[in-house]
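S.K.: Based on what follows, work out the 3D shape:
(2 chains)
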Amino acid sequence: MDRHKTVERAVRTASRRLAAGRARTALRRGTWPIVGVASLAAASRPWAWPLDDSAPLWAGTPRAALIAAGVGTLLAGLVYLVARKAPSALTVHRTIDRSLGLRDVVASGLALGVHQEGTELERLARLRAEEAATTFDASRLPVPTLRPRASRAVLGALALLVASLFGGYDPALARVLESPPTVAEHDAAEALEEAVAALATEPQEETDAETDVPTLQERARSIARDLSRSDRESALAQLQALREASQARLSAARTLRQQARNLARHLDTRSRTGSRAPGDPTQTSSESGQDASSPSTPSGAGNRSSTRATSPLEQSMRLLARQLRSPQAAGAQDAQESRRTLERLSRAADEARRASDPSAAALAESLNRAAEAMATENWEAAAEALDRAVQQAARMRRAQERMDRTAEALARLLEQAGSLERAVQLAMMGRDALPGEMEGGMPGGAPGAEPSGGARGLAAELRARLAALGLSEGPAAPGGRSGPGGRGPSAPGPRTRSGLEPQGDVSAPSRVGEGERAVQVLAGLGQNGEAQTGYSDVYPSYGAIAEDALASDTVPAARRDAVRRYFESIRPGAEIAEAGPDTLDEPTAP
Amino acid sequence: MREATATRTHETDVPDAGVPTLKPPGVTTTLLEKKLAEARALGEALMEGLNEVILGQAQVVEHVVTALLADGHVLLEGAPGLGKTQLVRTLSGLIGGQFARIQFTPDLMPSDILGTSLVVQGGDGQKDLRFREGPIFANLVLADEINRATPKTQSALLEAMSESTVSVEGRPRPLPDPFFVLATENPIEMEGVFPLPEAQLDRFLLKLILRMPDLDTLARIGARAEAPRMPEPVTTPEALLQAQALARSIPSAPHVQRFAAELVLATHAPSEVRFGAGPRAVQALMACGRVRALLDGRVAVAVDDLRDVAVAVLTHRIALGFEAEARGRTADQVIADVLASVQVPGDDVAVLPVDAAVDAATSAEDADHG
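M.R.: Prediction:
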């Protein structure tokens, strides 16, 4: 009985060692195929596990190594598990025979002695088999070691290393090695992200998905990533998209601002009637701040929003309401004055209706009601409608102020985008930024900019760009007077057209200095001799220029009315005014 | 001889490290093992006696003894002077039975082998037709150059080989027991010979080919000044019969039987074989395997026993096609390929590590003994 158990134990031991030995042998034989497959898997890393935008470029090689290790381990495990199956009893018995140096003594004996009714020789064979099996020593059935020889280990490691390096290759890595990102690109990209972040701090209006701040932020981040990978083509494309989106938002802001300004102009009874409401609290401030509070300077308007409680539009409507409520108003209103007031309200309502601001719709409704009330000589109702319009106008003003601040941030963003674009273009030409180009601001910066560069230079450059975009007053020249266009009278150089934006990209860096000229390529202007922009779209810009000119001393006082009438006549929607001679806006002597 | 047998037995009981020493068995088992040991000693004595006379042909000698104990007949093929006749003569002396030599010639008639009836006048003047036995009536018959006789004569001998009886004048006459035919043929002289047909070749248990001895063996043969003396008998025909009976009772495991069958079937597979071995080959394989196990001190046939005798058993049982002959392939080479193609479970498992371990252990033990 003991011998029988010993035999069973020996057979089990042999079976286990045989299975392990077979698995290890299979593993050893499959080492090189496994290494080969793992190497191929590592080399296929660019397709199997590509680097996304957020991954650093050096991550390719560790990923390839990880793939190789994973695939190798998986294959080795599969080979081991598949090969490590329990051998048959005959195989075990014959292996015991082989380990003992016997010829089928155990295998034949244990097979023959199964049945008790065997012959004497069969029982003897069984006896001998059991005796032999009890002497089985497991150490005589060695299990192959999995430790490879040093040379093979080195070769395998080299193969995996080469495959990992090959799998770590990425076109971006090659680009970075060939043309690494310049310091100027890096700094400009950071400045661009900061500009976008600054834009995000401003209260945001509802915009479409292409121009909302998260999209812009993502684009800025994408640009930075592209530049960190020296993918300048993609960065330029993203930059162009970002600029277009910013331009769109900027245009929307300007349109809103212009609409508000037009509304104010239509309702501005002071310059038309010359009447002054007694005790008008806004009279002094509005007159004295005519230039300073000109709506053509959105940044200025934004900055002044905290100090000025009302806008000219509100003041105009409030004054009109006060006139309507005054005791002598009803009697003093002659027919001509009523028609003019009614016409102004109608124009203002039309102007408000065209505005995209939701508050403008309510304002238009209130103005319509005021006009209807005036048409029925219901002065009190008209005054109440105007009061409501004042409230709507206040909301519009606040929205406008927000838009102004946003526009300022957008202008800064565009400025940084331009700087980045120049840095990228220089890098693509094989140059870094020229001395003073990126540090001191725009090449040949604005006249007011100090050549020493730094924050002051950047600020001056920013002011110049804002002035060029019609969003600020421009750099203050020493002793000069700030005004539209951003250039003081003493500022040398060409005069910038206020309110007009270039309809294309600045594709070449310009340096204005002694003997050099600024070079700008304006793409898209007058293509095929056809206008690219609708008249109604560009009219606000021209109207703004006219207003600026009328507000300044550029236009002689004697000609101002003529100029104003002309622009009124070409204003879109002026058909109502042209319907009859009575409807013309008669200029009133100041 | 007994000393040699005892030494051999000791070596077999503990041939190598790891071979178990049997526990004292029961009475029946002890008696059986005694018979086994006697049979094994008989075979070893025959081989030792033959090897003393026939130098450099140890494997042929081993196969001849195997065929003798398996109750089969042997066809010896070899060039003249390699000791074919001497081998048979020595074997007859070792067995101690009746020995007859028949030199086959083209004019040899069957009656010259089997015997004939003669008119014999007795003492009382009566004339009787009395059968006179031919040389076939011997325990050990040497059919020298059997391929020189006509097919008719050859067939007379082959019938006696298969049936162990001869029929003369319609009356069967049994041949003495044991009956062992050892035929020789000369492969060099091809003129005037009658090659044995395949069907008749199948009657021989083994076909052995004597090859030229190596240089040392030739030197030893040349050193002999006198012809070797005829050895003393080491056994009797009765003891030989008992050994044959014991060999026939050696069992075989199913996997061994299956291996024999697969091996024979595999001889039909190669395209260069015109026809393969028949079922008689399986019987021959197993018979020889049993004797090999007996001579090795085992009580069960092993796969390796069959491998050892496969070439001798199968080489004359297959016919090669024109393709193999054109490529110079021999039957031995084809059978070697067949042997390599047939696997037994366990042959393919961890062969190298196990063999290496056994070799290492053996080397270590040798070093210890040294």
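S.K.: Where in the chain is the helix or strand with the lowest mean pLDDT?
M.R.: Just so you know, I chose chain A. Least confident helix or strand of chain A, by mean pLDDT, DSSP states H and E, is helix A:283-288 with a mean of 37.
S.K.: sorry, should have said chain B
M.R.: Taking mean pLDDT, DSSP H and E as the measure, chain B has helix B:2-13 as its least confident helix or strand, at a mean of 32.
S.K.: Check which element follows that helix along the chain.
M.R.: helix B:27-53 (DSSP states H and E).
S.K.: Report the buried residues of that next one.
M.R.: B:29, B:32-33, B:36-51, B:53 (16 or more other C-beta atoms under 10 Å in any protein chain shown). C-beta: built from backbone N, CA, C; applies to glycine.
S.K.: any idea where the strands of the stretch 101-250 of chain B begin and end?
M.R.: Ranges of strands within the stretch 101-250 of chain B are B:115-121, B:127-133, B:140-144, B:165-168, B:171-174, B:180-185, B:206-209, based on DSSP state E, counting those that start in this stretch.
S.K.: by contact count, what packs against the first one?
M.R.: With contacts taken as 3 or more C-beta pairs under 8 Å, 6 or more residues apart in numbering or on different chains; DSSP states H and E, strand B:115-121 sits against strand B:127-133, strand B:165-168.
S.K.: Just the C-alpha atoms of it, please, in PDB.
M.R.: Output of strand B:115-121 as PDB, limited to C-alpha atoms (Å, rounded to 0.1, in the frame of the first residue of the first chain):
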ATOM      1  CA  GLY B 115      15.200 -36.800 -48.700                       C
ATOM      2  CA  THR B 116      13.900 -39.600 -50.800                       C
ATOM      3  CA  SER B 117      12.500 -43.100 -50.600                       C
ATOM      4  CA  LEU B 118      14.900 -45.900 -51.500                       C
ATOM      5  CA  VAL B 119      14.300 -49.600 -52.000                       C
ATOM      6  CA  VAL B 120      16.100 -51.300 -49.300                       C
ATOM      7  CA  GLN B 121      16.500 -55.000 -49.000                       C
END
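S.K.: A:Thr25 and A:Thr31, how far apart?
M.R.: 11 Å (C-beta to C-beta, to the nearest Å).
S.K.: can you pull the contacts of A:Val79?
M.R.: A:Ala23, A:Ala26, A:Leu27, A:Gly30, A:Ile34 (C-beta atoms under 8 Å, 6 or more residues apart in numbering or on different chains).
S.K.: And for the fourth one, the neighbour number?
M.R.: Translated: A:Gly30. Using other C-beta atoms under 10 Å in any protein chain shown, A:Gly30 has 18 other residues around it.
S.K.: repeat for the first one
M.R.: The local packing of A:Ala23 (other C-beta under 10 Å) involves 20 other residues.
S.K.: Wait, B:Asp71 touches B:Val181, no?
M.R.: No. With contact defined as C-beta atoms under 8 Å, B:Asp71 does not reach B:Val181; the gap is 11.1 Å.
S.K.: For the stretch 251-400 of chain A, which residue gets nearest to chain B?
M.R.: Nearest to chain B, among the residues of the stretch 251-400 of chain A, is A:Ala252, at 81.0 Å (C-beta to the nearest C-beta).
S.K.: Tell me which residues of the helix or strand encompassing that residue come out buried.
M.R.: Following DSSP H and E, one finds A:Ala252 within helix A:232-267. Under the neighbour-count criterion of 16+ other C-beta under 10 Å, helix A:232-267 has A:232, A:234-236, A:238-239, A:241-243, A:245-247, A:249-250, A:252-267 buried.
S.K.: about what we covered before: adding pLDDT, secondary structure and distance to chain B, write the contacts of A:Val79 out as a markdown table.
M.R.: Formatted as a markdown table, the contacts of A:Val79 follow (pLDDT from 0 to 100; DSSP: H, G, I helix; E, B strand; the rest coil; distance: C-beta to the nearest C-beta, whole Å):
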| residue | pLDDT | secondary structure | distance to chain B |
| --- | --- | --- | --- |
| A:Ala23 | 87 | helix | 10 |
| A:Ala26 | 86 | helix | 11 |
| A:Leu27 | 87 | helix | 13 |
| A:Gly30 | 88 | coil | 16 |
| A:Ile34 | 92 | helix | 20 |
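S.K.: hmm, back to that, show me the one of the strands of the stretch 101-250 of chain B that comes nearest A:Ala157.
M.R.: For A:Ala157, the closest of the strands of the stretch 101-250 of chain B is strand B:206-209, at 55.1 Å, according to C-beta to C-beta.
S.K.: so how far is the closest one off the chain centroid?
M.R.: Relative to its parent chain, strand B:206-209 has a centroid offset of 8 Å by C-alpha atoms, centre = their mean, to the nearest Å.
S.K.: Output it as PDB, nothing but the C-alphas.
M.R.: Extracted in PDB, the C-alpha atoms of strand B:206-209 (Å, rounded to 0.1, in the frame of the first residue of the first chain):
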ATOM      1  CA  LEU B 206      15.600 -11.600 -40.100                       C
ATOM      2  CA  LYS B 207      17.800 -10.600 -42.900                       C
ATOM      3  CA  LEU B 208      21.300  -9.800 -41.700                       C
ATOM      4  CA  ILE B 209      24.000  -8.200 -43.700                       C
END
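S.K.: Quick check: B:Lys127 touching B:Gln121?
M.R.: Yes. Here B:Lys127 lies in contact with B:Gln121, judged by C-beta under 8 Å, at a distance of 4.8 Å.
S.K.: Just to be sure, B:Asp347 is in a strand?
M.R.: No. B:Asp347 is assigned coil when assessed by DSSP: H, G, I helix; E, B strand; the rest coil, not a strand.
S.K.: what about it, how many neighbours?
M.R.: 14.
S.K.: how many neighbours does the closest residue in space to it that isn't next to it in sequence have?
M.R.: For B:Asp347, ignoring the flanking residues on the chain, the nearest one in space by C-beta to C-beta, 6 or more residues apart in numbering or on different chains is A:Arg94 at 7.4 Å. Using other C-beta under 10 Å, A:Arg94 is surrounded by 26 other residues.
S.K.: contacting residues around A:Arg94?
M.R.: Taking C-beta under 8 Å, 6+ apart as the definition, contacts of A:Arg94 comprise A:Asp104, A:Val106, A:Ala107, B:Val344, B:Pro345, B:Gly346, B:Asp347.
S.K.: picking up where we left off before, near chain A too, which of the buried residues of helix B:27-53?
M.R.: Checking the buried residues of helix B:27-53 against chain A by C-beta under 8 Å from any C-beta of the partner chain, the ones in range are B:Thr29, B:Leu32, B:Glu33.
S.K.: what's the span of stretch B:220-232, first residue to last?
M.R.: Using C-alpha to C-alpha, to the nearest Å, one end of stretch B:220-232 lies 22 Å from the other.
S.K.: for stretch A:548-564, same thing?
M.R.: 11 Å.
S.K.: So for that stretch, what gets flagged as buried?
M.R.: So, applying 16+ other C-beta under 10 Å, buried residues of stretch A:548-564: A:Asp548, A:Ala549, A:Leu550, A:Ala551, A:Val555, A:Arg560, A:Asp561, A:Arg564.
S.K.: how about the fifth one, secondary structure?
M.R.: Right, the one you point to is A:Val555. A:Val555 is classified as coil under three-state DSSP.
S.K.: Now it. Nearest residue, chain neighbours left out?
M.R.: In space, A:Val555 is closest to A:Ala549, 5.0 Å off (C-beta to C-beta, 6+ apart).
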